[in-house]
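Q: Show me how the following folds:
(chains A and B)
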Number of protein chains: 2
Amino acid sequence: MAKNHSEAGISVADLGEFGLIAAIRHLLPPDPSLTVPAGDDAAVLAIADGRVVATTDVLVEGRHFRRDWSGPGDVGVKAAAQNLADVAAMGARPRSLLVGLACPAGLEARWVLDMTRGMVAECGRAGASIAGGDVTAAGCIMLGITALGDLPDGRSPVTRAGARPGDTVAIAGRLGWSAAGLALLQTGRARAGGGRRPDVTSEPTVSQELAVLITAHLRPQPPYPAGPAAAAAGATAMVDVSDGLVQDLGHIAAASGVCIGLDSGLLPVGEPVTAAARLLETGWQAWVLAGGEDHALAATFPAGTALPAGWSAIGGVRAGHGVLVDGAVWEGPAGWDHFR
Amino acid sequence: MAKNHSEAGISVADLGEFGLIAAIRHLLPPDPSLTVPAGDDAAVLAIADGRVVATTDVLVEGRHFRRDWSGPGDVGVKAAAQNLADVAAMGARPRSLLVGLACPAGLEARWVLDMTRGMVAECGRAGASIAGGDVTAAGCIMLGITALGDLPDGRSPVTRAGARPGDTVAIAGRLGWSAAGLALLQTGRARAGGGRRPDVTSEPTVSQELAVLITAHLRPQPPYPAGPAAAAAGATAMVDVSDGLVQDLGHIAAASGVCIGLDSGLLPVGEPVTAAARLLETGWQAWVLAGGEDHALAATFPAGTALPAGWSAIGGVRAGHGVLVDGAVWEGPAGWDHFR
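A: Sure, this is the predicted structure:
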């Protein structure tokens, strides 16, 4: 199973559960901190101290990804990224993923292996490994991903509950890129692939400048090191922007019992995002304020903190509750609810 | 949401993602070792030392459970048990679960909450808590469960690879009960519920003696403390019997490079199992040797080890490969492959 051409046309049922697992394990780089790697009843991971950081997410085909838009590598990157970002948002260091996969028995094994390659690549970007997993049959593709992390140097985790009036609100990473890319796909102005994958034959219909938004939607790139860097700089609260900036900062506001005020003039709005807004004759505000899935990190810092590299101020914390944009309640789309 | 009667007829979409999460969290007993409990980007769990034991499993409606046979509490118990047993099979102490749930938006919220109650109960039996989770919509019910554990007293994990010729093979827990219960359900000789659940109106069609097999299938009860006890007694290899005794011992044989010989006269065969075999006019051997899902623990110990409470010898380890039953290759059903 080491070479691509030998994988074509082979289904996961052809390989069987144990053949598929063996082929997946063949793709995992060794990690010396896995004192028991994938393949036993459970893995054993060496971590910094007696504190493990853990988070889980479920991705369902047709809800979180579409196979006509996302290649298997894209799905692997996205599934890994959204979980690893949750670990970074605690100020922690991502260390390992566990991957539960349910898929149709007739699915090409190559899809699973290319997805694994995407996961391995994104884990490598985050400094993490894949510690274990499970595969089973189902009517559609579903992934249950758990990310584990640790807290180096005895540092405390950064929760949502520590923001105080007077703190600075700051952001690391992109806002609105994924939502703009999704809008381009939804309006048919762009097709997935964008010349990046040789197996996609349809031509991209947008410029290279806008194609980066498609890539940002399909393969989010969270700024992992910004999480521990924020913790080291004294961040008082932190969250991963997965459901939309206003909604996710609302979690900090609620947990901390404060009001968060955003200054729209300070929001980092990328050139491709404003270009996409012009093309689609819409505003970029909803993408930047309510679009999630870029997995930027948002945090609060004591006033006067020298922000670490990659972080920029976007507002401040005051007494009160909720999130205000330029002093007013944001009237646009709120964010994402998976059942509505 | 604290009382049952207020949950009737309310769908998960009625509650919404965040309402459902709040109702679930309301059911979770506090665990002081969760220094950050469910509700932040990730949980932080205090463990014995810098080694975390981690395993994941996926359960899919129609594959791993049927809603006409299993009540929601049964599904919660089973999902928790099969993961917690994998932790115990490393000689480790189960500590926490992470629960990813995908389900139809129209599913009654009560189903999810009763499933959570089952999980909480089984976690309590194992000494574990629920550290976090995720909920999302899907066409059927799917669970992605991760169990975390730790290794007390600096003890080494017990893998599949340490069995040596001369070792004793031993078992803790039940064999064939779940498979016999499944056979009773499949042949229509029994209905789920067995007088145990007041919401099931159909009368059980088997005696109380056989009803325990149905319960064993719906709510497996792994012998969690037997895992750390085996490790403390010097177990050289251990595995959780989830796919069938012969198949799972085959993993030890392959990983250790040995042959495992079973003595069928030593296998613990429960009275209800032989009674069910008489009723269905079949043999109990296939249930005991190839039926999984009781989540018994099987381990190898150095010859002469005084086996801990709950463990009984069923065979021995010799040079060679594979698993033999009374000196011969087992010709019955092998065990379970999720894609075949």
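Q: Could you pull out the helices in the stretch 101-250 of chain A for me?
A: All helices of the stretch 101-250 of chain A, identified by DSSP state H, counting those that start in this stretch, fall at A:109-126, A:177-186, A:208-218, A:226-232, A:245-256.
Q: Of those, which is nearest chain B?
A: Proximity to chain B (Cβ to the nearest Cβ) singles out helix A:245-256 among the helices of the stretch 101-250 of chain A, at 7.9 Å. C-beta: built from backbone N, CA, C; applies to glycine.
Q: in that closest one, what counts as buried?
A: For helix A:245-256, burial by neighbour count (16 or more other Cβ atoms under 10 Å in any protein chain shown) applies to A:245, A:246, A:247, A:248, A:249, A:250, A:251, A:252, A:253, A:255, A:256.
Q: check these against chain B, which are close?
A: Restricting the buried residues of helix A:245-256 to those touching chain B (Cβ under 8 Å from any Cβ of the partner chain) yields residue A:255.
Q: can you redo the buried residues of helix A:245-256 as TSV with distance to residue B:121 and pLDDT?
A: Below are the buried residues of helix A:245-256 laid out as TSV (distance: Cβ to Cβ, whole Å; pLDDT from 0 to 100):
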residue	distance to residue B:121	pLDDT
A:245	39	97
A:246	39	96
A:247	34	95
A:248	33	96
A:249	37	97
A:250	34	97
A:251	30	96
A:252	34	98
A:253	35	98
A:255	29	97
A:256	34	98
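Q: Quick check: of the buried residues of helix A:245-256, which lies closest to residue B:309?
A: residue A:255 (45.9 Å; Cβ to Cβ).
Q: Please list all residues in contact with the closest one.
A: For residue A:255, the contact set (Cβ atoms under 8 Å, 6 or more residues apart in numbering or on different chains) comprises A:159, A:160, A:161, A:237, B:39, B:40.
Q: How about the stretch 101-250 of chain A: which residue is closest to chain B?
A: Scanning the stretch 101-250 of chain A for the residue nearest chain B gives residue A:144, at 1.7 Å (criterion: Cβ to the nearest Cβ).
Q: how far away is the closest residue to that residue other than its chain neighbours from residue B:134?
A: Closest residue in space to residue A:144, ignoring its immediate chain neighbours: residue B:144 at 1.7 Å, by Cβ to Cβ, 6 or more residues apart in numbering or on different chains. Residue B:144 sits 8 Å away from residue B:134, taking Cβ to Cβ, to the nearest Å as the criterion.
Q: Looking at those two, which is more packed in?
A: Set side by side, residue B:144 and residue B:134 give different neighbour counts by other Cβ atoms under 10 Å in any protein chain shown, the larger being at residue B:144 (32 against 23).
Q: Check what pLDDT the more buried one gets.
A: pLDDT for residue B:144: 97.
Q: Please identify the buried residues of stretch A:50-70?
A: Neighbour-count burial for stretch A:50-70, counted by 16+ other Cβ under 10 Å, picks out A:50-61, A:63-65, A:67, A:69-70.
Q: now stretch A:290-309
A: By 16+ other Cβ under 10 Å, the buried positions in stretch A:290-309 come out as A:290-301, A:305, A:307-308.
Q: Can you narrow the buried residues of stretch A:50-70 down to the ones near chain B?
A: A:50-60, A:63-64.
Q: And the furthest pair within those residues?
A: Across these (Cβ to Cβ), the longest gap, 36.8 Å, separates A:50 and A:63.
Q: Around residue A:206, how many other residues sit close by?
A: Neighbours of residue A:206 (other Cβ under 10 Å): 21.
Q: surely it meets residue A:184?
A: Yes - using Cβ atoms under 8 Å, residue A:206 is in contact with residue A:184, at 6.2 Å.
Q: where do the contact lists of these two overlap?
A: Shared between the contact lists of residue A:206 and residue A:184 (criterion: Cβ under 8 Å, 6+ apart) are residues A:190, A:214, A:279.
Q: how many neighbours does the first one have?
A: Other residues lying near residue A:190 total 24 when counted by other Cβ under 10 Å.
Q: okay, it: pLDDT?
A: 73.
Q: Would you format the helices of the stretch 101-250 of chain A as TSV with distance to residue B:172 included?
A: TSV is the format used below for the helices of the stretch 101-250 of chain A (distance: least, Cβ to Cβ, whole Å):
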stretch	distance to residue B:172
helix A:109-126	35
helix A:177-186	50
helix A:208-218	48
helix A:226-232	42
helix A:245-256	44
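Q: between the buried residues of helix A:245-256, which is nearest residue A:114?
A: Closest approach to residue A:114 among the buried residues of helix A:245-256 (Cβ to Cβ): residue A:248, at 30.6 Å.
Q: With adjacent residues omitted, what lies nearest to residue A:35?
A: Nearest residue to residue A:35 in three dimensions, chain neighbours excluded: residue A:44, at 4.7 Å (Cβ to Cβ, 6+ apart).
Q: Using pLDDT, spot the least trustworthy of the buried residues of stretch A:290-309.
A: Taken together, the buried residues of stretch A:290-309 show their lowest pLDDT at residue A:292, with 85.
Q: Now that one: phi and psi?
A: Dihedral pair for residue A:292: phi -100, psi -150, per degrees, to the nearest 10.
Q: How about the contacts made by it?
A: Residue A:292 makes contact with A:178, A:179, A:241, A:242, A:243, A:244, A:247, A:248, A:335, A:336 under the criterion Cβ under 8 Å, 6+ apart.
Q: Find the centremost residue of chain A, please.
A: By Cα atoms, centre = their mean, chain A has its centre lying nearest to residue A:82, at 2.6 Å.
Q: what's the helix or strand for that residue?
A: helix A:72-88 (DSSP states H and E).
Q: Centre of the chain to that helix, how far?
A: The chain centre lies 5 Å from the centre of helix A:72-88; the measure is Cα atoms, centre = their mean, to the nearest Å.
Q: Check which helices and strands that helix sits against.
A: Where contact means 3 or more Cβ pairs under 8 Å, 6 or more residues apart in numbering or on different chains; DSSP states H and E, helix A:72-88 is packed against strand A:51-60, strand A:93-103, helix A:109-126, strand A:142-150, helix A:208-218, helix A:226-232, strand A:237-241.
Q: Can you lay out the ones you listed as JSON lines showing distance to residue B:21?
A: Output for the helices and strands packed on helix A:72-88, formatted as JSON lines (distance: least, Cβ to Cβ, whole Å):
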{"stretch": "strand A:51-60", "distance to residue B:21": "13"}
{"stretch": "strand A:93-103", "distance to residue B:21": "20"}
{"stretch": "helix A:109-126", "distance to residue B:21": "26"}
{"stretch": "strand A:142-150", "distance to residue B:21": "16"}
{"stretch": "helix A:208-218", "distance to residue B:21": "26"}
{"stretch": "helix A:226-232", "distance to residue B:21": "23"}
{"stretch": "strand A:237-241", "distance to residue B:21": "15"}
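Q: Pass me the low-pLDDT residue ranges in the stretch 201-340 of chain A, would you?
A: Within the stretch 201-340 of chain A, the ranges that satisfy pLDDT under 70 run A:201-205, A:334-338, A:340.
Q: Mind jotting down where the strands sit in it?
A: Taking DSSP state E, counting those that start in this stretch as the test, the strands found in the stretch 201-340 of chain A are A:237-241, A:259-262, A:296-301, A:311-318, A:322-325, A:328-329.
Q: To chain B, which of these lies closest?
A: strand A:237-241 (5.2 Å).
Q: got a list of what residue A:112 touches?
A: Residue A:112 neighbours (Cβ under 8 Å, 6+ apart): A:12, A:20, A:23, A:24, A:72, A:101, A:103, A:135.
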